[in-house]
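K.L.:
Sequence below, structure please.
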Amino acid sequence: MDMGEHMVLEPTCVSATNLPLPPEQTAALSEYGIWSPPWADPPAASDLGRNIEVPPALEDQVLIWKNALLVREGVTGTVSVVSPPHAKLIITTEKEWSTELTADVVKRRETRTVHVRSCENAPGSYPGVIVMDSPACVVLSIKVDGHTEQRLQVPYFGAQCTEDLGRG
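P.N.:
This is a model prediction of the structure:
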């Protein structure tokens, strides 16, 4: 997929009362508009050997972590990997995730920018993963339509994040 190309998939609609987030992460979803639980609780170095249930098509990826994206009701925007260059996002549909995630789909879905939106009257959810070659401080750009870009640093697998991004 071309680095400038934005992937657009339909979200799975979730009840706002059944969001799979603890209260502090629900607040982050409110603040950012787009959120993923590992952004607040990233995998540690000790998680490198942990067996994470992933579809067979992803088993040959070097490092992978489930990274579903949640989108607050009424929000449309993008999530992009700013750095490192080897980190990629993969989002899929629920159907693909559970039954059809082949190596070909992974290759087509692997990207650095995803376009996401909520459902008409409910939050949206996109199953997915982040893939990288080695532990890394992943810098993500979150851009909700009509708002200023915000950046987050996520220290995946025990990496250290040292740059002060400030608050977007």
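
K.L.:
make it CA atoms for all contacts and neighbour counts henceforth
P.N.:
OK.

K.L.:
Sort out which residues of the lengthiest helix in the chain are buried, please.
P.N.:
When the chain is parsed with DSSP state H, its longest helix is helix 23-32. Residues of helix 23-32 classed as buried by neighbour count (16 or more other CA atoms under 10 Å): 25-26, 28-29, 32.

K.L.:
How about the contacts made by Ser30?
P.N.:
Arg72 (CA atoms under 8 Å, 6 or more residues apart in numbering).

K.L.:
That should have said Cys137, apologies.
P.N.:
Cys137 neighbours (CA under 8 Å, 6+ apart): 83-84, 153-156, 159-161.

K.L.:
which one of the residues you listed has the most neighbours?
P.N.:
Tyr156 (27 neighbours; other CA atoms under 10 Å).

K.L.:
got any ranges where the protein has weak pLDDT?
P.N.:
Along the chain, the model assigns pLDDT under 70 to residues 1-8, 16-20, 48-62, 101, 164-168.

K.L.:
can you map out the strands along it?
P.N.:
For the chain, the strands defined by DSSP state E cover 7-8, 12-13, 34-35, 63-66, 69-71, 76-83, 88-91, 113-117, 124-126, 128-132, 136-144, 150-156.

K.L.:
could I get those strands as CSV with distance to Asp104?
P.N.:
Converted to CSV, the strands of the chain look like this (distance: least, CA to CA, whole Å):
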stretch, distance to Asp104
strand 7-8, 15
strand 12-13, 22
strand 34-35, 27
strand 63-66, 17
strand 69-71, 22
strand 76-83, 21
strand 88-91, 12
strand 113-117, 18
strand 124-126, 19
strand 128-132, 15
strand 136-144, 25
strand 150-156, 26
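
K.L.:
out of those strands, which comes closest to Thr102?
P.N.:
Closest to Thr102 of the strands of the chain, according to CA to CA: strand 88-91, at 12.4 Å.

K.L.:
what's in contact with the closest one?
P.N.:
68, 81, 106, 109-114, 126-132.

K.L.:
what's the closest of these to Asp145?
P.N.:
Val114 (13.2 Å).
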